[in-house]
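[1] Next comes the sequence, and after it the predicted model I'd like to discuss.
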Amino acid sequence: MLLAFDTATQTASIAIYNPETDELLGEYTWLARRKQTQDLLSTTQLMMQQLALSPSSITGLSVTTGPGSFTGVRIGISAVKGIGLGLPVTPQVIGIPTLSVTAAAWYTCLNLSSMGQLKYAFPGQDADELTKVRICPYIQAGRGRYNWVFTPNSFPLAIPSTSNESTDTVSRPTTLWRPERSEHFAGSVSELVHSLMEQAPRTILVVGEETEELRDAVSKLSHIQMMDPISGMRRAGQLARLAASHFAAGQGDTLADLQPLYLRNP
């Protein structure tokens, strides 16, 4: 079983996932505010009791590494390190950037664009153009600031298929995308909007922790589709599934390697 922790922001999430069956066994997602320390391990213990699982059943651990709040990111990483050291068998471990998890829920949706399914969301756009849609996941960074990133230009919307249709160059599978610090952006709402405007006319799905300020700012940008806050919610079930993809590809970290991804110094 794979245990996933996401405490990077005020929204905390825990999931237990079976990679052998691609089955999400349990997930809790809640507004933790500043109570991740009190709630994280007790909630994990409750979920494992409900699923009749013992600690020895945990063979993999994953955690969001940031960006996010300094304290929140450290709580999740520290919990994974502590649990990993206490398990009878050393687990597989991986840290995944917060915004990779935010984007992950939309990979399947965009894969459908080759069948024209996104025409309902973007009426009048050519299906071939919709296969070039990029995702802009973002989080609130406090004091009116945001962190965001764009999925790569070579984003392979259909992970290798038998289709003979031409596609963008595949540089790395979507589920293995772990953006580096240099790929991230940080700034005010006006800086985020300017960054989005630079992507025109390419269609952008903006996904994350919505604010009224940001929604108003992008409302007049015709190439932007902003997801609602519930659809854009980051969930540990997605984190767990991403981690399973990395493990299947032979990728991972060690407990000692896990470090926060901060965009500014603590």
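    Looks like it came in fine.

[2] Can you tell me how far residue 30 is from residue 84?
    Noted for residue 30: a distance of 24 Å to residue 84, by C-beta to C-beta, to the nearest Å. C-beta: built from backbone N, CA, C; applies to glycine.

[3] Who has more neighbours out of these two?
    residue 84 (19 against 13; other C-beta atoms under 10 Å).

[4] Packing partners of whichever strand or helix holds that one?
    If you go by DSSP states H and E, residue 84 is part of helix 70-86. Here helix 70-86 is seen to pack against strand 2-6, helix 36-50, strand 60-64, strand 92-96 when contacts are counted using 3 or more C-beta pairs under 8 Å, 6 or more residues apart in numbering; DSSP states H and E.

[5] In this protein, what residue spans correspond to strands?
    2-6, 11-18, 23-31, 60-64, 92-96, 134-142, 145-148, 185-188, 204-208, 224-226 (DSSP state E).

[6] What is the burial count for residue 251?
    If you count neighbours by other C-beta under 10 Å, residue 251 ends up with 13.

[7] Now the phi/psi pair for it, please.
    Main-chain torsions, residue 251, degrees, to the nearest 10: phi -110, psi 150.

[8] Was I right to think it contacts residue 176?
    Yes: counting by C-beta atoms under 8 Å, residue 251 touches residue 176, with 6.8 Å between them.

[9] got the contact list for the nearest residue to residue 4 once chain neighbours are set aside?
    If the residues on either side of it in the chain are set aside, residue 4 comes closest to residue 240, at 3.8 Å by C-beta to C-beta, 6 or more residues apart in numbering. Counting by C-beta atoms under 8 Å, 6 or more residues apart in numbering, residue 240 makes contact with 2, 3, 4, 15, 16, 17, 24, 62.

[10] biggest separation within those residues, which pair?
    By the measure C-beta to C-beta, 24 and 62 form the most distant pair in the contacts of residue 240, at 13.1 Å.

[11] Neighbour count for those two, which is higher?
    residue 62 (32 against 18).

[12] Can you get me a residue count around the nearest residue to that one once chain neighbours are set aside?
    Excluding the flanking residues, the one nearest residue 62 by C-beta to C-beta, 6+ apart is residue 243, at 3.4 Å. Counted by other C-beta under 10 Å, the residues lying close to residue 243 total 30.

[13] Kindly report the same for residue 211.
    Residue 211: 15 neighbours (other C-beta under 10 Å).

[14] Please give me every residue in contact with it.
    So residue 211 contacts 140, 189 (C-beta under 8 Å, 6+ apart).

[15] go again using 10 Å as the cut-off
    Residues near residue 211 by C-beta atoms under 10 Å, 6 or more residues apart in numbering: 138, 140, 144, 146, 189, 217, 229.

[16] Could you do residue 145 as well?
    With C-beta under 10 Å, 6+ apart, residue 145 has these contacts: 139, 186, 187, 188, 189, 191, 192, 263, 264.

[17] And residue 88, by the same measure?
    Residue 88 touches 55, 56, 58, counting by C-beta under 10 Å, 6+ apart.

[18] give me the low-pLDDT residue ranges for this structure?
    108-132, 153-173, 266 (pLDDT under 70).

[19] For residue 139, see how far away the most centrally placed residue in it is.
    Nearest residue to the geometric centre of the chain (C-alpha atoms, centre = their mean): residue 101, 0.8 Å. Distance, residue 101 to residue 139, by C-beta to C-beta: 10 Å.

[20] Now do the shared contacts for these two.
    Applying C-beta under 10 Å, 6+ apart, one finds that residue 101 and residue 139 are jointly contacted by 8, 234.

[21] List the contacts of residue 176.
    96, 100, 159, 242, 245, 246, 248, 249, 251.

[22] for the closest residue to the fifth one other than its chain neighbours, what are its contacts?
    It stands for residue 245. Among residues not flanking residue 245 along the chain, residue 175 sits closest, at 3.8 Å (C-beta to C-beta, 6+ apart). Residue 175 is in contact with 96, 100, 104, 107, 159, 238, 241-246, 248-249, counting by C-beta under 10 Å, 6+ apart.
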